[in-house]
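[1] model this:
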Amino acid sequence: MRFAVFVTLSAILCWSLLSVTGRVVLVRLQIDPWLFGFLQLCAGGLALLIVSGPGVGNLQSFKRASTWIISGLRVLSATIYTVVVALISVLEAGTIASVNIPVLALVLWIMFSKRPGALEWAGHFIIAAAVILMTLQLEQDLQIWAIGLMLLNAACLAAMHLLAEKHPENTSDNFRDRFRFTGAVLLITALLFAISRLGQSGSFEGITDRNLLIASALVGVFLRAPAMVLAFWAIRLVGTQKYTAAIALLPIGGMAFEQSAVWLGLLDFSRFQVTHLGLSLVVIMGTFMTLAAKSAAK
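    I've put the predicted structure just below:
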């Protein structure tokens with residue numbers, strides 16, 4: 001159990017650092033976000049396939065429809081989150097993204113008849129109330145966009161995590177299988193990003209920029225790849241619902257890294273407000289309430 005908690009917290013830490021690092025890179029280097037996303041996915045995916053070693057098993061992940069569906073949902077989710085984080089802080093975006101938790105509970109109720117108990121509903125109500133209050137703290141022209149996009153993101157993540165939990169190569173305890181699966185997801189995601197880029201501008205102009213290539217390679221290999229491996233591993237160890245609940249901690253990690261970036265001069269300003277931190281802590285309280293209720297019901 002301790003190991004599962006360690007992997008889950010490591011995944012949250014990696015995602016927090018990845019979110020802030022991506023924002024710093026885009027702001028400081030003024031590089032194309034689509035090309036940055038595409039290249040870091042390629043770098044991370046290739047690194048994982050190399051580490052997994054040679055063999056025909058490398059192709060198996062690419063042949064599974066579920067791998068392509070997971071990758072497609074990953075593209076949509078990443079695009080949505082990037083758009084939102086470009087407009088508001090990681091703390092604000094992460095707190096609003098906590099709507100994932102009640103959305104997943106509704107999905108599990110509708111699809112698998114896993115109806116939450118009374119105390120779980122209370123926890124979900126607290127989370128939803130904090131999300132609404134955080135949304136109302138935003139500028140009026142951002143409110144509908146933020147909550148609408150995050151609800152769509154929540155639906156994507158629920159489907160993606162449920163598919164990843166049951167994916168044959170993610171249920172394996174073999175690290176080579178796990179790296180192959182994650183590497184395949186990253187490369188297919190990169191391909192879908194490339195198609196999106198062509199649909200957007202019709203070209204890959206600027207892809208040879210040295211700063212873009214170096215930043216993408218470093219972020220892809222040292223942050224994107226570990227974050228995805230740890231996320232899928234955590235889903236395997238603790239299950240979709242508990243991992244989604246753990247994501248409630250992401251805004252706190254993101255806030256810490258973001259404030260550090262401001263202090264170091266990597267970002268020019270901070271949107272941090274004590275009220276936002278309080279709402280994020282309320283989300284965490286509601287999340288622990290739902291987890292405690294679920295454990296007590298077993």
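
[2] hmm, who's touching the lowest-mean-pLDDT helix or strand in the chain?
    For the chain, counting by mean pLDDT, DSSP states H and E, helix 57-63 ranks last in confidence among helices and strands (a mean of 74). Outside of helix 57-63, the residues within contact range by CB atoms under 8 Å, 6 or more residues apart in numbering are 49, 52, 67, 169, 176, 177, 180, 181, 183, 184, 185, 188. Where you see a C-beta, it was placed from the backbone N, CA and C, and this is true even at glycine.

[3] gap between that helix and the chain center?
    Helix 57-63 sits 24 Å away from the centroid of its parent chain (CA atoms, centre = their mean, to the nearest Å).

[4] check which helix or strand residue 6 maps to.
    helix 2-29 (DSSP states H and E).

[5] so residue 272, which of the three states?
    coil (DSSP: H, G, I helix; E, B strand; the rest coil).

[6] swap in residue 207?
    Residue 207 ends up coil, using three-state DSSP.

[7] check the gap between it and residue 20 for me.
    24 Å (CB to CB, to the nearest Å).

[8] more crowded one of those two?
    Using other CB atoms under 10 Å, the more surrounded residue of residue 207 and residue 20 is residue 20, with 24 against 15.

[9] isn't the more buried one right up against residue 254?
    Yes: counting by CB atoms under 8 Å, residue 254 is a contact partner of residue 20 at 6.0 Å.

[10] pLDDT averaged over the helix or strand containing residue 214 - what is it?
    Assigned by DSSP H and E, residue 214 belongs to helix 210-219. Across helix 210-219, pLDDT averages out at 95.

[11] now the element after it, going C-ward?
    Next along from helix 210-219, by DSSP H and E: helix 225-238.

[12] may I have that next one exported as CSV, CA atoms only?
    Once non-C-alpha atoms are left out, helix 225-238 reads as follows in CSV (Å, rounded to 0.1, in the frame of the first residue of the first chain):
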residue,chain,number,x,y,z
ALA,A,225,7.6,10.3,-20.1
PRO,A,226,8.0,9.8,-16.3
ALA,A,227,4.6,11.5,-15.7
MET,A,228,2.8,9.2,-18.1
VAL,A,229,4.5,6.1,-16.8
LEU,A,230,3.7,7.0,-13.2
ALA,A,231,0.1,8.0,-14.0
PHE,A,232,-0.7,4.7,-15.7
TRP,A,233,1.2,2.7,-13.0
ALA,A,234,-0.8,4.5,-10.3
ILE,A,235,-4.0,3.7,-12.0
ARG,A,236,-2.9,0.1,-12.1
LEU,A,237,-2.1,0.1,-8.4
VAL,A,238,-4.9,2.1,-6.8
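
[13] what's next to that helix, contact-wise?
    3-5, 7-8, 10-11, 14-15, 18, 43-45, 47-48, 161, 164-165, 170-171, 178-179, 181-183, 185-186, 243, 246.

[14] farthest-separated two in the contacts of helix 57-63?
    176 and 188 (18.4 Å; CB to CB).

[15] these two: which has the busier surroundings?
    Each of residue 176 and residue 188 has its neighbours counted (other CB under 10 Å); residue 188 has more, 22 against 15.

[16] on the pLDDT front, check that one for me.
    With respect to pLDDT, residue 188 has a value of 95.

[17] isn't it right next to residue 69, touching?
    No: contact between residue 188 and residue 69 fails when scored by CB under 8 Å: they sit 9.8 Å apart.

[18] and residue 194, how close does it get to residue 200?
    Taking CB to CB, one finds residue 194 at 11 Å from residue 200.
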